[in-house]
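Participant: Okay, here's the prediction I keep looking at, along with the sequence it came from:
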Amino acid sequence: MWFEADNKMSSQKNIFSLKRETRQTEEEMRRELSAFRVYWGVLNEGNSKAPVKAADYLRWKDRRFHKDTLTRFFGGWAEVCKAADMNVWKTHQYSDEDIINLFLDCWRWRGQRPVMTDLKRYNKEHGTMLHEGTIKRRWGNWAPFVKLISQLGQGQITVSDVIDAKIEKNPREAISASLRSRILRRDNYTCVDCGASPRKDSKVTLHIHHIKPVSKGGKSVIENLVTNCSACNLGKSDIILSD
């Protein structure tokens, strides 16, 4: 009886194995990936290394399996791509220095000032994913960034100068409910500029105002926050007022 119990436990262990069983053999799936790699190379003008998404596989009309079959067996889409010797499409957050170095390489590859279509071609040929929109968001527009890279390439400025030229807005820190309550209590629920208060006039709406505006580096800390009525708050906009 003991060996029957032992066999039963062994069977239960197999059930709880992390490895998934599949009707397809590994050989069949690898043949499938090999065929997909050929298709992907043809689709990308001979570049089978172009980053590939699971959705690209699903659009392949000659595919035999669902992508879930492959991902279950290999352990994820990245592992599927690794097994096929292909580059997985990644949502990559390039650092400022990454962008600068990548664009320098793109310039050298093009042999002259690159335009947006050159960057797209460079991405396609080298498996990179830098979008012109990323450049525009960080440096304001394409042309100013290209001018900075030109100056960098000629040794007129440094990488730090290019990074310092970014025009990204300072992110606005959320004012928590507890911090808002502290500011209101400290200022006695009264506008510090005109003295308006909902206790005196029910039409008054109070706001929490940044003394040093967020757009100029101001933080959402108690020392930089005051109570203002809506009229005073909107009237100040992002102007720094001095006594």
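Facilitator: Thanks, I have the structure now.
Participant: Next, the buried residues of the helix ranked longest in the chain.
Facilitator: Secondary structure of the chain per DSSP state H: the longest helix is helix 26-43. The neighbour-count check on helix 26-43 (16 or more other C-beta atoms under 10 Å) flags Met29, Glu32, Leu33, Phe36, Arg37, Tyr39, Trp40 as buried. In short, each C-beta sits where N, CA and C put it, glycine included.
Participant: Report the contact partners of the nearest residue to Cys191 once chain neighbours are set aside.
Facilitator: Distances taken as C-beta to C-beta, 6 or more residues apart in numbering put Cys229 closest to Cys191, at 4.0 Å, once the chain neighbours are dropped. Contact analysis of Cys229 by C-beta atoms under 8 Å, 6 or more residues apart in numbering lists Cys191, Asp193, Cys194, Ala196, Val204, Thr205, Leu206, His207.
Participant: Can I get the longest helix of the chain in CSV, CA atoms only?
Facilitator: Output of helix 26-43 as CSV, limited to C-alpha atoms (Å, rounded to 0.1, in the frame of the first residue of the first chain):
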residue,chain,number,x,y,z
GLU,A,26,9.0,21.8,-29.2
GLU,A,27,10.3,20.9,-32.6
GLU,A,28,7.0,22.0,-34.3
MET,A,29,7.0,25.3,-32.4
ARG,A,30,10.6,26.0,-33.3
ARG,A,31,9.8,25.3,-37.0
GLU,A,32,7.0,27.7,-36.7
LEU,A,33,9.2,30.4,-35.3
SER,A,34,11.8,29.8,-38.0
ALA,A,35,9.2,30.3,-40.6
PHE,A,36,7.9,33.4,-38.9
ARG,A,37,11.4,34.9,-38.8
VAL,A,38,11.7,34.4,-42.5
TYR,A,39,8.3,36.1,-43.0
TRP,A,40,9.3,39.0,-40.7
GLY,A,41,12.6,39.5,-42.6
VAL,A,42,10.7,39.7,-45.9
LEU,A,43,8.2,42.1,-44.5
